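S.K.: Please find the sequence and the predicted model below.
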Amino acid sequence: MKDQTLLDYYARRAAEYEQIYQKPERQIKLALLKAYLIKLLAGRDVLEVACGTGYWTAHLAPFTRSMLATDASAEVLDVAQAKAYPPNRVRFEQADAYALDTVTGDFNGGFAGFWWSHIQKSRQADFLKSFHGRLQSGATAVLIDNQYVEGSSTPISGTDEDGNTYQDRRLADGSRHRVLKNFPTEAELRGVVGEAGADVRFVDFTYYWCLSYRLA
Ligand SMILES: C[S@@+](CC[C@H](N)C(=O)[O-])C[C@H]1O[C@@H](n2cnc3c(N)ncnc32)[C@H](O)[C@@H]1O
């Protein structure tokens with residue numbers, strides 16, 4: 001089941017979303033993360049979950065064999081589809097990350113960028129079941145997201161009874177939104193993936209983390 005508040009927020013934010021990738025203090029680590037992702041996913045048929053405006057789709061597509069980029073929001077998919085991609089390599093489908101059985105194709109790579117932080121802790125296992133269910137055995141799965149860095153990250157404004165954290169965010173149109181944004185530790189991530197993943201690797205890019213593993 002989708003979180004409609006989150007979807008509405010990203011639909012409204014679509015036009016300004018990629019400004020987040022312009023933060024000056026993050027540029028070196030962002031470049032290192034981009035290079036690392038290419039190494040992990042090059043030559044693969046990749047299922048991308050919650051692709052948003054296609055920032056990572058456009059980055060990875062030239063190096064992958066194929067990509068199916070999915071998101072639950074039609075508004076962000078419109079922005080993603082307007083970008084330039086290598087011919088006949090990228091498809092788009094509207095899909096709920098928790099119900100990926102609707103998507104078509106065979107994948108030996110899976111990728112989700114900046115999606116994990118928006119999953120309620122109680123739903124993380126559900127998402128992984130959906131995600132892993134669409135990937136071939138032995139596929140490489142890659143998750144990236146933010147680490148909390150004082151002075152660079154939006155402050156955390158609240159925590160609920162399950163330990164999920166929230167930020168108060170403002171869009172260019174002046175609207176204010178309370179957005180779920182979790183900052184997991186390496187141990188938490190390893191714990192949730194559990195025995196589903198082999199060769200689990202966590203890499204710290206200061207502002208970002210990357211978790212990769214082979215689907216057991
Ligand atoms: C932080 S954005 C990440 C976008 C993109 N992956 C990136 O890193 O630039 C989170 C995305 O999750 C999408 N989303 C929210 N709920 C979803 C759901 N249930 N299934 C799939 N996508 C969802 C939003 O539409 C939004 O595009």
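M.R.: Sure thing, it's come through.
S.K.: Three-state assignment for Trp209, please.
M.R.: strand (DSSP: H, G, I helix; E, B strand; the rest coil).
S.K.: and for the longest helix seen in the chain, what are the contacting residues?
M.R.: Criterion DSSP state H: the longest helix present in the chain is helix 27-41. For helix 27-41, contacts defined as Cβ atoms under 8 Å, 6 or more residues apart in numbering pick out 21, 56, 59-60, 63-64, 109, 111, 140, 142, 144, 203, 205-208, 210, 212. C-betas here are computed from N, CA, C, even on glycine.
S.K.: That one vs the ligand: in contact?
M.R.: No: using Cβ under 6 Å from any ligand atom, helix 27-41 never reaches the ligand; the gap is at least 11.1 Å.
S.K.: tell me which residues of that helix are tucked away?
M.R.: Of all the residues in helix 27-41, those buried under the rule 16 or more other Cβ atoms under 10 Å are 29-30, 33, 36-37, 40-41.
S.K.: if you average pLDDT over it, what comes out?
M.R.: The average pLDDT for helix 27-41 rounds to 98.
S.K.: Now do the helix or strand that that helix is followed by: everything it contacts.
M.R.: Once helix 27-41 ends, the next helix or strand along the chain (criterion: DSSP states H and E) is strand 45-49. Applying Cβ under 8 Å, 6+ apart, the contact partners of strand 45-49 are 56-57, 60, 64-71, 95, 97, 100, 103, 105-113, 115, 131, 134-135.
S.K.: After strand 45-49, heading C-terminal, what element do we hit next?
M.R.: That would be, after strand 45-49 and using DSSP H and E, helix 55-60.
S.K.: Can you tell me the centre-most residue of the protein?
M.R.: Gly113 (2.1 Å; Cα atoms, centre = their mean).
S.K.: quick one on the thing from earlier: can you flag the buried ones in the contacts of strand 45-49?
M.R.: Buried, going by 16+ other Cβ under 10 Å: 56-57, 60, 64, 66-71, 95, 97, 100, 103, 107-113, 115, 131, 134-135, out of the contacts of strand 45-49.
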